[in-house]
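Trainee: Mind looking at a prediction? Sequence and model below.
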Amino acid sequence: MLQFFWHQWLSSSRKSYTGKRVLNLFIHYSIYILLLGMLALFSVGIKYMMKDFFPNQDHAVIMGGFGINTIFVMGFMRFMFNKDNKFSIKPYLHLPISQKSIINAYIFKDFISLFGLIPILVAIPFFINFIVPNYPVIYTVGWGITYVSLTFIFNVIYSILITKQKNHQGAVMMLFWSLNLIAVLDFYQFVSIAPYFRAFFNFIATNVWCWSIFPVTFTILLLLLRKEIKECLRKERSTKETQEAPSKSNKWLDKISNLGFTGVLVTNELKLIWRNKRPRSLIIASCILPCIIIYGMTGYSSEVEIPAFFNIMGALFVVGYFPMVYGQFLFAWESSFFTHYISQNVTINEYVKSKFWFLALITLINSFFAIPVLIIKPDLTLAFISAIIIQLGIINYLMILMGLFNSSRMDISKSTIGNSQGTQFHHFIMIFIIMAIPLGITSLFYLLDMMSTGYLIICVMGLIGFLLQKPLLNLLSKDFAERKYKMITGFKEN
């Protein structure tokens, strides 16, 4: 296994761009160290927070339940960010490295991953500062064994699921999303899951005979994981099988492709998102922020009254955050094959038109986030309708225009975490500048006590923009024709 890691280190250190990325690597790992420090501070502060939130309950049991929740959340994060964390063995087939070493290296890399260790890193300061001084030795040992064992067992389960994901994509996705839906429902107190987690954790920690289950369970799961990895290695060794294996079609993507050539280009964009780590990991951020906004618009109570005209900003974040963030790099996502793409039998107008309809599609998909808000607070209906219409009729055009002026190369195969390639601070600021248009209109009519009129004007502006789709796309196509060679030059630079 050490020989395998040595060859990986030599491979990475001999790349031509390694020296140029020293500063980026330093920043990358500095962020990780900062994150670990913040986790340590959070863990130390948990015992003081528990005195306020759970004054009459056993804090060790509460922390155990919280740890199980953390394990579930980190499993979801691993699925979203590290789905393709497997390495290719083809460069090592000619080297004297055994298959056993490769499997051990894969498992070891999984165990030392940040998402796998975060639950333990959170609990260590709490365990040392609170549990060790205040509880008997037998319970302290049981608590530590239970917490660490559950973390490693769930890590192996997640590794098995991620390994199986290639062949059972739909089932694994459904499982991950179901688990996190349960966590969200528990957070909003629609269902009560946390007490069961706490009772389960406390039962195992206080019964010595339960501890013997951990090594048996861990061994069985580890054997299953090794079996799955061996199967993956067998398929990777069989180059012919990999090349001739027919790709599975998706009926929804097939329906979009049947809508014409624009539908085919939109389908290619959706496949690009799903098959590459960086745009795919952007989806999780686009789910987290709308959920926070939804909580703020429905469940958060504050003594400070928030003016009604801010509702349009919250609605835009819910329905348009992903189109706005993704749209700023609309052409940069294809930077690695941009030259090949535009040299095909695709007219500029068709290409730009496909970008518009892609943004329209994901805007409509994001609009489903508005359903829980409107169920709880139907008085926000006008704000969300206005946000959807102006996103479709004005903001999406602005995103395409901004994408034309972003000619920085992006490596879409790498994760978003710690990766700032092609991004700058002004990309984040531009979202708020664009939102200033509807926010300015609603704030003006809020002062005039005519909020409905403000929403109506926003809707009319969006509808006019959507109806003028053909001339506006023609203008954007002309801009694209003028900018494409500058974009090609920028995409070729590292």
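Mentor: Great, that's in hand.
Trainee: Residue 438 and residue 386, how far apart?
Mentor: Taking Cβ to Cβ, to the nearest Å as the measure, residue 438 falls 7 Å from residue 386. C-beta here means a position set from N, CA and C on the backbone, and glycine is covered the same way.
Trainee: which neighbours do those two share?
Mentor: Common contacts of residue 438 and residue 386 (Cβ atoms under 8 Å, 6 or more residues apart in numbering): 312, 458.
Trainee: Worst mean pLDDT across the helices and strands of the chain, which element?
Mentor: Taking mean pLDDT, DSSP states H and E as the measure, the helix or strand of the chain with the lowest value is helix 239-244, at a mean of 42.
Trainee: Check which helix or strand residue 161 maps to.
Mentor: When elements are defined using DSSP states H and E, residue 161 is found to belong to helix 137-164.
Trainee: which secondary structure elements does that helix contact?
Mentor: When contacts are defined as 3 or more Cβ pairs under 8 Å, 6 or more residues apart in numbering; DSSP states H and E, helix 137-164 sits against helix 59-81, helix 99-111, helix 114-126, helix 169-187, helix 194-206, helix 213-237.
Trainee: rerun at 10 Å
Mentor: Contact here means 3 or more Cβ pairs under 10 Å, 6 or more residues apart in numbering; DSSP states H and E; on that basis helix 137-164 packs against helix 59-81, helix 99-111, helix 114-126, helix 132-134, helix 169-187, helix 194-206, helix 213-237.
Trainee: so residue 470, which of the three states?
Mentor: State at residue 470, reduced to three classes by DSSP: H, G, I helix; E, B strand; the rest coil: helix.
Trainee: helix, strand or coil for residue 329?
Mentor: Following three-state DSSP, residue 329 is assigned to coil.
Trainee: That one: neighbour count?
Mentor: 23 (other Cβ atoms under 10 Å).
Trainee: Would you confirm that it contacts residue 404?
Mentor: No: the pair residue 329 / residue 404 is not scored as a contact, 11.2 Å apart, by Cβ atoms under 10 Å.
Trainee: show me the contacts for residue 460.
Mentor: For residue 460, the residues meeting the contact criterion (Cβ atoms under 10 Å, 6 or more residues apart in numbering) are 386, 389-390, 393.
Trainee: most surrounded residue in those?
Mentor: Compared across these, residue 390 has the highest neighbour count, 31 neighbours, by other Cβ under 10 Å.
Trainee: where's residue 109 relative to residue 158, distance?
Mentor: Applying Cβ to Cβ, one obtains 13 Å for the distance of residue 109 from residue 158.
Trainee: These two: which has the busier surroundings?
Mentor: Under the criterion of other Cβ under 10 Å, the comparison of residue 109 against residue 158 puts residue 158 first, with 25 against 17.
Trainee: Now for the closest residue to that one other than its chain neighbours, how many residues are close by?
Mentor: With Cβ to Cβ, 6 or more residues apart in numbering as the criterion, residue 158 has its nearest non-adjacent residue at 4.5 Å, and that residue is residue 75. A count of neighbours around residue 75, defined by other Cβ under 10 Å, yields 23.
Trainee: Quick one, grab the pLDDT at residue 75.
Mentor: According to the per-residue confidence, residue 75 scores 70 in pLDDT.
Trainee: Surely it is in contact with residue 153?
Mentor: No: the pair residue 75 and residue 153 fails to qualify as a contact (Cβ under 10 Å) at a distance of 11.4 Å.
Trainee: how close does the residue nearest to residue 106 when sequence neighbours are not counted get to residue 102?
Mentor: Once flanking residues are discounted, residue 106 sits nearest to residue 229: 5.7 Å by Cβ to Cβ, 6+ apart. Counting by Cβ to Cβ, the separation of residue 229 from residue 102 is 8 Å.
Trainee: what residue ranges in the stretch 351-494 of the chain score low on pLDDT?
Mentor: For the stretch 351-494 of the chain, the stretches with pLDDT under 70 are 411-429, 493-494.
Trainee: so where's the stretch 101-250 of the chain uncertain?
Mentor: Counting by pLDDT under 70, the stretch 101-250 of the chain contains low-confidence ranges at 114, 164-192, 194, 232-250.
Trainee: now with 80?
Mentor: 101-118, 121-126, 129-130, 158-159, 161-198, 208, 228-250 (pLDDT under 80).
Trainee: Having no further points to raise, I will conclude here.
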